[in-house]
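Student: Quick one, fold the following:
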Amino acid sequence: MKRNINRNFLKFLIVLIAFQDVAAGVAGSIMADIIKAFPDYNPTIVMMVATFPGLLQILPALFYGKLSARFNKRHLLFTGLTLFVIGGTMPFFLADNLPLIIAFRGMLGLGVGITMPLSIDIITDFFEGREKDFLIGFGTSTVACIGAIFYQLAGGMLADAFGWQYGFLTYLLPIFILALTFLYLPEPKKKEGQAEAGKVKVKTPRVVYSVTLGQMVYSALIFGYVTNISVVIQNDQLGTATQAGMAISVFTFGTLLAGFVFGKVKHLLPVSYLPVAVLMTGVGMLVCYFSHSLTMIFIGSIIGGAGMGIGLPGVFARVTEATPPNSGTSYVGLVVVAQGLGGILGPFVFGAIMQLFNQDIGRFPLLISTVGLFALALVWYVAVKMPRAKTGAPQVSVE
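Tutor: Numbering: from 1, shown residues only. The predicted structure is shown next:
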């Protein structure tokens with residue numbers, strides 16, 4: 001295995017892994033056609049084709065720390081991408097068997113649950129400082145969003161041209177990613193002290209739990225925007241169904257752009273970049289809540305998306321920084337778990353709050369998101385400042 005590869009090519013290989021982090025969304029763009037293809041099934045069951053990967057990705061992510069300590073990164077990458085390709089493409093061959101389609105979509109989710117934390121872990125293995133921050137932001141926000149857009153558009157185009165099952169052929173692309181990374185990506189060397197880490201029990205820092213808990217709340221609060229912005233646009237006659245879909249694309253575009261500047265933002269706001277990111281997302285939700293024109297909806301969406309483009313890599317960066325240097329365990333999988341749990345719990349939380357206040361879908365969930373995000377930003381900001389004020393300790397709970 002050749003280890004001395006060009007540094008820029010190494011960066012390309014590493015961020016390429018993040019290309020399929022949000023690829024499970026292909027089914028969302030062809031969901032209407034899938035529901036029509038299985039009229040004998042309840043639409044809620046059919047929708048598991050889109051939701052089941054997100055649920056299953058939690059399992060390997062939960063145990064990613066132990067997996068990364070036991071197996072080398074190249075083997076994990078090969079396993080994750082193989083599960084992804086097989087689970088992604090098999091529904092093409094099973095167009096008349098919904099249970100098997102859902103099962104293989106679960107396999108795809110297992111692959112994502114390995115490759116998503118792995119893409120962050122490998123960055124921290126090879127790079128440090130501002131270079132590491134840039135790659136984390138570029139990978140988790142920019143490249144992941146480009147991947148999501150590609151899979152959704154390509155899947156939709158193939159489905160329109162040849163039939164809904166052809167949309168799943170977009171999952172053949174990771175074969176190219178698998179080949180490139182397997183051939184050229186070197187196995188990261190263990191850092192000094194990690195070789196003996198398995199013999200010494202290293203306590204998980206409390207900041208890891210506090211940040212991942214905040215990430216779960218953050219992900220749940222984003223749910224209010226994703227599921228209601230199109231309702232607001234159509235109910236208030238601000239635009240067509242196509243324009244309603246564009247709002248989420250604008251949100252994604254804001255996330256994509258913010259990934260380019262995450263490293264600079266973190267350098268300028270080394271302590272408070274996370275609270276600021278959450279606050280930005282809340283401001284975006286607030287603008288959308290008060291908007292009475294499509295233009296303002298788009299402005300609020302891009303602000304909210306930019307906040308998420310800083311917040312998501314910010315959580316990953318904070319967790320990697322909090323990991324003890326002599327620890328042989330990676331905690332980035334916990335962030336993926338928190339993100340998945342937030343997405344699952346979001347509908348139930350919003351449903352309970354709307355029932356409590358006797359409100360319906362539309363603008364009110366945007367208000368819930370706004371209030372929740374402002375509260376989370378305040379809590380995270382206090383968590384940043386309090387340890388210094390009380391103890392003068394150099395470490396902080398959240399950065």
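
Student: Count the residues that sit near Asn6.
Tutor: For Asn6, the tally of surrounding residues (other C-beta atoms under 10 Å) stands at 9. To be clear about C-beta, it is placed using only N, CA and C from the backbone, and glycine gets the same treatment.

Student: From Phe162, how far off is it?
Tutor: In this view, Asn6 and Phe162 are 39 Å apart by C-beta to C-beta, to the nearest Å.

Student: mind showing which ranges of the stretch 151-300 of the chain have poor pLDDT?
Tutor: 190-202 (pLDDT under 70).

Student: which residues of it fall in helices?
Tutor: Here the stretch 151-300 of the chain has its helices, by DSSP state H, counting those that start in this stretch, at 174-184, 206-226, 229-235, 241-268, 273-290, 294-322.

Student: repeat for the stretch 1-150 of the chain
Tutor: Under DSSP H, counting those that start in this stretch, the stretch 1-150 of the chain gives helices at 7-16, 26-29, 31-37, 43-46, 48-56, 58-62, 64-70, 73-93, 98-126, 129-137, 144-162.

Student: and the fourth one, C-alpha only, in CSV?
Tutor: Presented in CSV, the C-alpha positions along helix 43-46 are these (Å, rounded to 0.1, in the frame of the first residue of the first chain):
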residue,chain,number,x,y,z
PRO,A,43,-48.7,4.7,2.6
THR,A,44,-47.2,5.0,6.1
ILE,A,45,-45.6,1.6,5.6
VAL,A,46,-44.4,2.5,2.1
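
Student: which other residues reach it?
Tutor: 31, 34-35, 38, 98 (C-beta atoms under 8 Å, 6 or more residues apart in numbering).

Student: Which of these sits closest to Met296?
Tutor: Met31 (28.5 Å; C-beta to C-beta).

Student: Quick one: residues contacting that closest one.
Tutor: By C-beta under 8 Å, 6+ apart, the contact set of Met31 is 46-47, 49-50.

Student: Which pLDDT value belongs to it?
Tutor: What the model reports as pLDDT for Met31 is 78.

Student: hmm, back to that, tell me the one among the contacts of Met31 nearest to Leu274.
Tutor: Nearest to Leu274 among those, with distances taken as C-beta to C-beta, is Ala50, at 29.4 Å.

Student: The closest one against Ala32, yeah?
Tutor: No. Applying C-beta atoms under 8 Å as the test, Ala50 and Ala32 come out as separate, 11.3 Å apart.

Student: quick one: which of these two has more around it?
Tutor: For Ala50 and Ala32, the more surrounded residue by other C-beta under 10 Å is Ala50, and the numbers stand at 19 against 12.

Student: how near is that one to Met157?
Tutor: Taking C-beta to C-beta, one finds Ala50 at 18 Å from Met157.

Student: ok, now Trp380?
Tutor: Separation of Trp380 from Met157 (C-beta to C-beta): 41 Å.

Student: Compare neighbour counts for those two and give me the winner.
Tutor: Trp380 (25 against 14).

Student: if you skip the residues just before and after it, what's nearest to that one?
Tutor: Ranked by C-beta to C-beta, 6 or more residues apart in numbering and with sequence neighbours excluded, the top spatial neighbour of Trp380 is Pro275, at 4.4 Å.

Student: Could I get the contacting residues of that neighbour?
Tutor: Pro275 is in contact with 377-378, 380-381, 384, 398, counting by C-beta under 8 Å, 6+ apart.

Student: Which of those fall within helices?
Tutor: Those of the contacts of Pro275 mapping onto helices are 377-378, 380-381, 384, per DSSP state H.

Student: Whichever of those residues end up buried, select them in PyMOL.
Tutor: Here is the PyMOL command that selects the buried residues among the ones in helices among the contacts of Pro275 (16 or more other C-beta atoms under 10 Å):
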select buried, resi 377+380+381+384
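
Student: will you turn the ones in helices among the contacts of Pro275 into JSON lines that also has pLDDT?
Tutor: Shown next, in JSON lines, are the ones in helices among the contacts of Pro275 (pLDDT from 0 to 100):
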{"residue": "Ala377", "pLDDT": "96"}
{"residue": "Leu378", "pLDDT": "95"}
{"residue": "Trp380", "pLDDT": "92"}
{"residue": "Tyr381", "pLDDT": "91"}
{"residue": "Val384", "pLDDT": "76"}
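
Student: List just the nearest of the contacts of helix 43-46 to Met285.
Tutor: Nearest member of the contacts of helix 43-46 to Met285, counting by C-beta to C-beta, is Met31, at 24.9 Å.

Student: Noted, bye for now.
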